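*Asks:* Just the structure for this:
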Amino acid sequence: MKKFSLFITTVACTLPLITGVAAPLPVTIARAAAQTTTQATMYHLTKVTVLRPQTYHVKTAVAAYQIDFTADRAAAIVNQRGRQLASNQTYVAVKAITLTTGQRDAPRRTYLQLQTPQGKVLGWVAKQELQAPVKSKARQPAAPATPKAITTTPNSQTPGFISKLATFFSELRKGLSL
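*Replies:* Down below sits the predicted model:
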C-alpha cells in the first residue's frame, strides 16, 4: 500500500510537467505558433548538378523550399519555407537537383538553388515556376568579324615576291586561254 501511494504521489507531481499545464500560457502560445503546419515530403534524389551561375527572372511571387539531404541514402526531404521570393526580380541559380517519388513512371521535378546577385542563398525553387534563363549581354559571344577583302596592287611598297607571284598568275592565265 505504501508503494502504491508513493507511485500516485509521484505521478500527481509530474503530471503537470508532462502535459505542459505548469508552463505559462504565453510560452505555450509561442510554442504553438512556432510549429509549422506544412508537412515534409521525402523524394528520391536522381541527379545533382553544380551549374555555372545562370540568371533566372521571377515574374510572380514563388515559394522557396528548404531541402534537407539524408546521409545514408539518396533521398531529400522537401519543406516549404514561409518565405516567398519577390516578383519581378532576377536571381542566380548555382545548383540543380532532380527529384522523383520513386514510383514507376513518376514525373521528375527539378529544383534550383537560388541566390541573390550578392551571393545570399534564398532556398530551392521548382524550375518550372521560373522564367527561362536571362542572357546577359556581357556573356554573349561577339559576332564574328566579316573578313576584309585583300587587294594586292603592285607598287613601290609591295614586296618583290607578291609582284612576281601576280605576274606568274597573269602569264598562266594567258597560257590557258590559248
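*Asks:* domain parsing for this structure?
*Replies:* What automatic domain parsing lists as the domains of the chain is 2-34, 41-134.
*Asks:* On the strand side of things, show who Lys95 bridges to.
*Replies:* Val50, Gln113 (DSSP bridges).
*Asks:* residues touching it, list them.
*Replies:* Residues near Lys95 by C-beta atoms under 8 Å, 6 or more residues apart in numbering: 48-51, 112-113. No exception for glycine: its C-beta is placed from N, CA and C like everyone else's.
*Asks:* returning to what we had before: which one of the domains of the chain has the lowest average pLDDT?
*Replies:* Among those, domain 2-34 carries the lowest mean pLDDT, a mean of 62.
*Asks:* Mind listing the residues bridging to the residue lying closest to Arg109 once chain neighbours are set aside?
*Replies:* Distances taken as C-beta to C-beta, 6 or more residues apart in numbering put Leu99 closest to Arg109, at 5.3 Å, once the chain neighbours are dropped. Listed beta-bridge partners, Leu99: Leu45, Arg109 (assigned using DSSP bridges).
*Asks:* who touches Leu99 in this structure?
*Replies:* Residues in contact with Leu99 (C-beta under 8 Å, 6+ apart) are 43-46, 76, 78, 108-111.
*Asks:* at 7 Å instead, please
*Replies:* Leu99 makes contact with 43-46, 76, 108-109, 111, according to C-beta atoms under 7 Å, 6 or more residues apart in numbering.
*Asks:* ok, of the residues you listed, which come out buried?
*Replies:* Neighbour counting by 16 or more other C-beta atoms under 10 Å classes 43-45, 76, 109, 111 among the contacts of Leu99 as buried.
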